[in-house]
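[1] Sequence first, predicted coordinates after that:
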Amino acid sequence: MNYRRHILITGGAGFIGSHLVRLMVNTYPDYEIVNLDKLTYAGNLENLKDIEFKPNYRFVKADICDAEALNRVFADYAIDGVIHLAAESHVDRSIKDPLAFARTNVMGTLTLLQAAKEAWSGAYEGKRFYHVSTDEVYGALEFDGTLFTEETKYDPHSPYSASKASSDHFVRAYHDTFGLPTVISNCSNNYGSYQFPEKLIPLFINNIRHNKPLPVYGKGENVRDWLYVEDHARAIDLIFHRGKDGDTYNIGGFNEWKNIDLIKVMIRVVDRLLGREEGTSDKLITYVTDRAGHDLRYAIDSTKLKNELGWEPSLQFEEGIEKTVRWYLDHQGWLDHVTSGEYLRYYEDMYAGR
Ligand code: NAD
């Protein structure tokens with residue numbers, strides 16, 4: 001088949017990447033979708049079982065820091081668009097091992113930019129390099145109702161956000177210096193199915209189910225803006241196709257939650273779905289020492305995306321969280337599988353003595 005486009009998605013076996021790969025493979029049967037992933041602890045091909053045999057889907061196991069492998073992929077598949085998600089993505093891990101974050105998020109992004117530049121060698125018509133980034137690059141807000149806009153100055157605080165900020169800067173530098181047609185989006189916290197259970201929502205759903213403690217940083221006062229992952233994937237599709245070259249788009253749900261309130265919602269929903277009496281699992285809340293440099297509040301203004309490209313979140317939070325809890329309760333096998341081995345050792349080490 002002659003495909004109309006050949007899109008490379010990096011990190012497609014991860015949480016957001018797998019939702020995006022599924023969306024693109026199903027929505028565009030006339031595109032060849034190449035998923036390149038190193039399959040770290042966070043990448044699971046099990047996340048893509050339902051589409052793995054679709055004729056327009058390809059998988060390549062490779063590291064984004066491996067220039068030769070990238071050059072081969074650009075040549076073999078005549079790649080004309082990149083949507084780059086591969087990253088080390090967990091803030092706690094970045095505090096334990098910052099260099100791993102510099103390697104993948106900074107050097108990996110730079111290696112990918114260079115591979116795109118060389119493969120396209122100035123023939124940029126119809127090409128696009130899209131970097132999927134985070135709102136954490138903007139730093140932290142006070143409890144004063146202000147929001148991050150696309151003009152907010154970068155002020156990252158964790159090794160994770162510093163590495164993502166740096167990769168955003170390299171993407172802009174390749175646009176400004178070499179004319180590479182790039183676009184960036186900065187999104188708030190995502191939730192939904194297939195998220196690796198070291199992140200707050202799947203971790204807590206699983207712990208509530210198994211009557212395990214719910215480690216809450218500090219007093220649980222930190223505020224995050226939450227977006228349903230499928231809404232993020234839709235936004236990425238839209239920005240990839242219709243965003244302006246060299247531009248940045250914020251993506252968020254206008255949906256701020258204090259951690260402790262979010263945890264109470266999860267307790268209520270899990271207990272109800274498991275047929276437990278309301279409040280049964282309140283006792284599992286366990287306050288632990290706050291994360292070093294923990295940002296107080298993130299909240300994102302996605303008005304530009306709404307006004308320019310007509311995107312809006314499709315799900316109310318209550319509906320999204322109920323869907324998400326149901327999914328994790330129905331997929332215990334997936335959870336058991338991805339939390340065995342290496343992850344289990346990390347988790348025990350992380351929370352030992354707390
Ligand atoms: P994830 O950790 O679930 O998935 C990351 C994927 O990248 C995994 O499949 C992993 O195997 C792969 N990967 C890691 N290192 C690699 C390497 N060197 N080479 C190739 N593949 C590699 O992450 P996620 O939560 O899906 O996040 C995806 C992207 O979206 C990241 O760039 C992240 O910064 C960004 N983001 C995430 C959120 C969120 O709430 N999760 C919010 C905004 C932006």
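    Cool, the structure landed. Numbers count the residues shown, from 1 in each chain.
[2] Please list the residues of the stretch 151-300 of the chain that sit near the ligand.
    Residues of the stretch 151-300 of the chain that fall close to the ligand, judged by Cβ under 6 Å from any ligand atom: 164, 187, 189-190, 196. Where you see a C-beta, it was placed from the backbone N, CA and C, and this is true even at glycine.
[3] who wins for neighbours among these?
    Lys164 (29 neighbours; other Cβ atoms under 10 Å).
[4] Leaving out chain neighbours, which residue sits closest to Gly310?
    Spatial nearest neighbour of Gly310, chain neighbours left out: Leu238 (7.9 Å); criterion: Cβ to Cβ, 6 or more residues apart in numbering.
[5] Just give me the neighbour total for that neighbour.
    18.
[6] That one in helix, strand or coil?
    Under DSSP: H, G, I helix; E, B strand; the rest coil, Leu238 falls in the helix class.
[7] you'd agree Glu277 is up against Arg268?
    No - if you go by Cβ atoms under 8 Å, Glu277 and Arg268 don't touch, sitting 11.2 Å apart.
[8] okay, those two: which has more neighbours?
    Arg268 (17 against 8).
[9] coming back round to it: so who does the residue nearest to Gly310 touch?
    305, 309-311 (Cβ atoms under 8 Å, 6 or more residues apart in numbering).
[10] Where does pLDDT dip in this structure?
    341-354 (pLDDT under 70).
[11] Which parts of it are helices?
    15-27, 67-77, 91-96, 98-101, 109-120, 159-178, 200-209, 229-242, 259-273, 303-309, 317-330, 332-338, 342-351 (DSSP state H).
[12] Could I get these in a markdown table, plus columns for distance to Ile251?
    Below are these laid out as a markdown table (distance: least, Cβ to Cβ, whole Å):
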| stretch | distance to Ile251 |
| --- | --- |
| helix 15-27 | 11 |
| helix 67-77 | 26 |
| helix 91-96 | 19 |
| helix 98-101 | 22 |
| helix 109-120 | 19 |
| helix 159-178 | 14 |
| helix 200-209 | 18 |
| helix 229-242 | 5 |
| helix 259-273 | 19 |
| helix 303-309 | 6 |
| helix 317-330 | 15 |
| helix 332-338 | 26 |
| helix 342-351 | 28 |
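[13] residues contacting Phe196?
    Here Phe196 is in contact with 14-15, 41-42, 44, 202, 338, 343 (Cβ under 8 Å, 6+ apart).
[14] Residue of the stretch 201-350 of the chain nearest the ligand, please.
    Using Cβ to the nearest ligand atom, the closest approach of the stretch 201-350 of the chain to the ligand is made by His232 at 7.3 Å.
[15] Isn't that residue up against Gly17?
    No - using Cβ under 8 Å, His232 makes no contact with Gly17, being 10.7 Å away.
[16] From the neighbour counts alone, determine which of the two ranks first.
    Neighbour count, other Cβ under 10 Å: between His232 and Gly17, Gly17 has more, with 29 against 26.
[17] Identify the residues contacting that one.
    9-11, 35, 37, 43, 85-86.
[18] Out of those, give me the two with the largest separation.
    Longest distance between any two of the contacts of Gly17 is 12.1 Å, between Ile9 and Gly43; criterion Cβ to Cβ.
[19] Name the residue in those two with the higher neighbour count.
    In terms of neighbours (other Cβ under 10 Å), Ile9 is the more surrounded of Ile9 and Gly43; the figures are 27 against 22.
[20] And Lys96, how close does it get to the ligand?
    As judged by Cβ to the nearest ligand atom, to the nearest Å, Lys96 and the ligand stand 15 Å apart.
[21] wait, I meant Leu70
    In this view, Leu70 and the ligand are 10 Å apart by Cβ to the nearest ligand atom.
[22] how about that residue, what does it touch?
    36, 62, 64, 111-112, 115.
[23] If we use 7 Å, what do you get?
    Leu70 makes contacts with 64, 111-112, 115, as judged by Cβ atoms under 7 Å, 6 or more residues apart in numbering.
[24] now do Ala100
    Applying Cβ under 7 Å, 6+ apart, the residues near Ala100 are Glu88.
[25] same question, Lys304
    Applying Cβ under 7 Å, 6+ apart to Lys304 gives the contacts 150, 249-250.
[26] that older thread, quickly name whichever of the contacts of Leu238 is closest to Asp245.
    Leu309 (14.1 Å).
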